[in-house]
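Student: Pasted the sequence and its predicted model underneath.
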Amino acid sequence: MAINEQAAKGFAAGADAYERSRPEYSEEFVGLLARELGFGPGSRVVDLGAGTGKLTRQLVATGADVVAVEPIREMRAKLERALPQVHAVDGTAEDLPIPNHAVDAVLVAQAFHWFDALRALSEIRRVLRPGGGIGLIWQARDDSVPWVARLNEIIDGADDGHPRFRHGAWREPFELTALFEPLQEATLASVQRLAPDGVVDRVASISYIGAMTEADRAPVLAAVRHLLATDPATAGLETIELPHLVHVYWSRPTPVPEGPSTGVVLSVNTSPGGVPKRPIGRGRITWRAVDGDGHSQPEPIHGTPGQAVCLYAFEAIERVRADGHQAFPGAFGENLTLAGLDWKGFRHGDRLQLGAHGPLLELTDYATPCATQERWFTDGRTGRISARKHPEDARWYARVIEQGDVAPGDRVTLIRTA
């Protein structure tokens, strides 16, 4: 999975400015996450999207063993020079080069809004050990201060639609799936002290400004210099105080009920046709389908009453990923991504009760992989989810015995019929 092209270009070009001018992460912020997520000496943690190592330095100070994942070579090189004791690897949030259930925490500073958030959360859940968790930090300029608001106007004028923390799109998979429990959050304050040229560097380190041509970037930085030289709050100062609001979030994977006959709905997925199907939050299951779901190849290929709902296990996603293929909720066209059930023990005619009074489904047959899923598999080897070769990792079709609503977090109960 390639990272955002504009982000890669901008951060590569601005790596020097990033290291010089981006604010550090205080012991207070990292200590909050260390307490809430329970990491420290003896723990293994991932700094995901580690950049030049701004957060990595503080994570090392907790005594944890830190793996820094950073896809941009220029930024990773600076981290490696500054922190030779840290294991730094090339990788993306959507394709973490880390084994299943291998780490105690995954921390992301100033980067999660750049990710395909659903795929990133799926990967983070995959690599976390039981009891582990995720922590997110953004240091946002405090535009309640008038001169900072004017600085933001200059920066925003250079933006042509890039992902931003404040737009909030990064929250969607937290809200539409049960991969993780609801986010907890805290807002703190900090002040970064910079020379005027440091503030200019800070602006130059922003990805979409760093990606500009010199001709386009020069007037943006000139406007910043003019602001600093003329605004009463900054004019003539050798050291400028740049205030930030620090937004800290943390969560853990939604727990799975104990016992082989109980599980949980992690995601309800639909598409107008084809894959991937995307999470929708709550949905209604009718006799023929999840409302809003479609098929690029309708009956008799897909969409018969016996194929009303397609089911898949998150544990299978983890195993498929361990074999080097791509997998995440909805990737293979399932409507319901479930966790906690003994998938290999499923039999034709078994029933699944969703929620206390939700839909009742009856398993009808395995779903055969097809060419639309080839994109996710190394060399197109869709046989990896074939029931003939890997029944524990194949999808199941189900007919609808009772209609009803289903939502992420609903309990699933397996009812044996024979």
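Tutor: Now that the structure is in, tell me what you want to look at.

Student: and residue 385, what does it touch?
Tutor: 316, 320, 332, 369, 373, 393, 394, 395 (Cβ atoms under 8 Å, 6 or more residues apart in numbering). In this view, the C-beta of every residue, glycine as well, is placed from N, C-alpha and C.

Student: Point out where the stretch 301-418 of the chain drops to low pLDDT.
Tutor: Applying pLDDT under 70 to the stretch 301-418 of the chain picks out residues 301-302, 418.

Student: hang on, the earlier thing: may I ask which of the contacts of residue 385 has the most neighbours?
Tutor: Counting by other Cβ atoms under 10 Å, residue 332 has the largest number of neighbours within these, with 30 neighbours.

Student: The residue lying closest to it once chain neighbours are set aside: what's it in contact with?
Tutor: Nearest residue to residue 332 in three dimensions, chain neighbours excluded: residue 373, at 5.4 Å (Cβ to Cβ, 6 or more residues apart in numbering). Going by Cβ under 8 Å, 6+ apart, residue 373 touches 275, 331, 332, 333, 382, 385.

Student: Identify the residues contacting the longest helix seen in the chain?
Tutor: As assigned by DSSP state H, the longest helix anywhere in the chain is helix 214-230. Residues outside helix 214-230 that contact it (Cβ under 8 Å, 6+ apart): 147, 150-151, 154-155, 157-158, 196, 199-200, 203-204, 209-210, 212, 234-235, 240.

Student: Quickly list the domain ranges of this protein.
Tutor: Domains of the chain are assigned by automatic domain parsing as 5-251, 262-415.

Student: Can you give the distance of the first one from its chain's centre?
Tutor: This means domain 5-251. Domain 5-251 sits 14 Å away from the centroid of its parent chain (Cα atoms, centre = their mean, to the nearest Å).

Student: where are the low-confidence patches of this structure?
Tutor: 1-10, 12-14, 296-302, 418.

Student: could you point out which element follows the longest strand anywhere in it?
Tutor: The strand that spans the most residues within the chain, counting by DSSP state E, is strand 128-141. Moving toward the C-terminus from strand 128-141, the next helix or strand (DSSP states H and E) is helix 146-157.

Student: Dihedrals phi and psi, the closest residue to residue 312 other than its chain neighbours?
Tutor: Nearest residue to residue 312, sequence neighbours excluded (Cβ to Cβ, 6+ apart): residue 334, at 3.6 Å. When read as degrees, to the nearest 10, the backbone of residue 334 gives phi -80, psi 150.

Student: Touching, residue 334 and residue 311? I think so.
Tutor: Yes. Between residue 334 and residue 311 there is a contact under Cβ atoms under 8 Å: 5.9 Å.

Student: Return every residue with contacts to both of the two.
Tutor: Both residue 334 and residue 311 are contacted by residue 395, under the criterion Cβ under 8 Å, 6+ apart.

Student: Between these two, which has more neighbouring residues?
Tutor: When neighbours are counted by other Cβ under 10 Å, residue 334 and residue 311 differ, and residue 334 comes out ahead with 26 against 22.

Student: Phi, psi for residue 169 please.
Tutor: When read as degrees, to the nearest 10, the backbone of residue 169 gives phi -60, psi -20.

Student: show me the contacts for it.
Tutor: Taking Cβ under 8 Å, 6+ apart, we find residue 169 in contact with 113, 117, 163.

Student: can you count the residues close to the last one?
Tutor: What that stands for is residue 163. 17.

Student: re the thing from before, what's the longest strand of the chain packed up against?
Tutor: When contacts are defined as 3 or more Cβ pairs under 8 Å, 6 or more residues apart in numbering; DSSP states H and E, strand 128-141 packs onto helix 27-37, strand 103-109, helix 146-157, strand 240-251.

Student: How about the secondary structure of the nearest residue to residue 353 once chain neighbours are set aside?
Tutor: Nearest residue to residue 353 in three dimensions, chain neighbours excluded: residue 413, at 4.4 Å (Cβ to Cβ, 6+ apart). Using DSSP: H, G, I helix; E, B strand; the rest coil, the structure places residue 413 in strand.

Student: who's in contact with residue 413?
Tutor: 261, 262, 352, 353.

Student: wait, residue 173 sits on residue 121?
Tutor: Yes. At 5.1 Å, residue 173 counts as touching residue 121 under the criterion of Cβ under 8 Å.

Student: Looking at those two, which has the bigger crowd around it?
Tutor: Taking neighbours as other Cβ under 10 Å, residue 173 and residue 121 compare with residue 121 leading, 28 against 24.

Student: And the more buried one, how close does it get to residue 53?
Tutor: 24 Å (Cβ to Cβ, to the nearest Å).

Student: which residues in the chain form helices?
Tutor: 5-13, 15-21, 27-37, 54-61, 73-82, 117-127, 146-157, 172-176, 196-204, 207-210, 214-230, 314-322.

Student: From residue 38, how far off is the residue nearest to residue 417 when sequence neighbours are not counted?
Tutor: Leaving out its chain neighbours, the residue that sits closest to residue 417 by Cβ to Cβ, 6+ apart is residue 349, at 4.6 Å. Distance, residue 349 to residue 38, by Cβ to Cβ: 43 Å.

Student: quick revisit: Provide the partner residues of the residue nearest to residue 353 in its beta bridges.
Tutor: Beta bridges link residue 413 to residue 262, residue 353 when assigned by DSSP bridges.

Student: Same question for residue 279.
Tutor: residue 269.

Student: picking that back up, out of the contacts of helix 214-230, which end up buried?
Tutor: Applying 16 or more other Cβ atoms under 10 Å to the contacts of helix 214-230, the neighbour count classes 147, 150-151, 154-155, 158, 196, 199-200, 203-204, 209-210, 212, 234, 240 as buried.

Student: For the most far-flung residue of the chain relative to its centre, which phi and psi angles does the backbone take?
Tutor: Distance from the C-alpha centroid of the chain, by Cα atoms, centre = their mean, peaks at residue 236 (43.0 Å). Backbone torsions for residue 236, taken as degrees, to the nearest 10, come to phi 80, psi 0.

Student: And it, how close does it get to residue 230?
Tutor: 10 Å.

Student: about what we covered before: using CSV, please lay out the contacts of residue 385 together with distance to residue 65.
Tutor: Listed next are these as CSV, based on distance: Cβ to Cβ, whole Å:
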residue, distance to residue 65
316, 29
320, 27
332, 34
369, 38
373, 36
393, 31
394, 37
395, 37
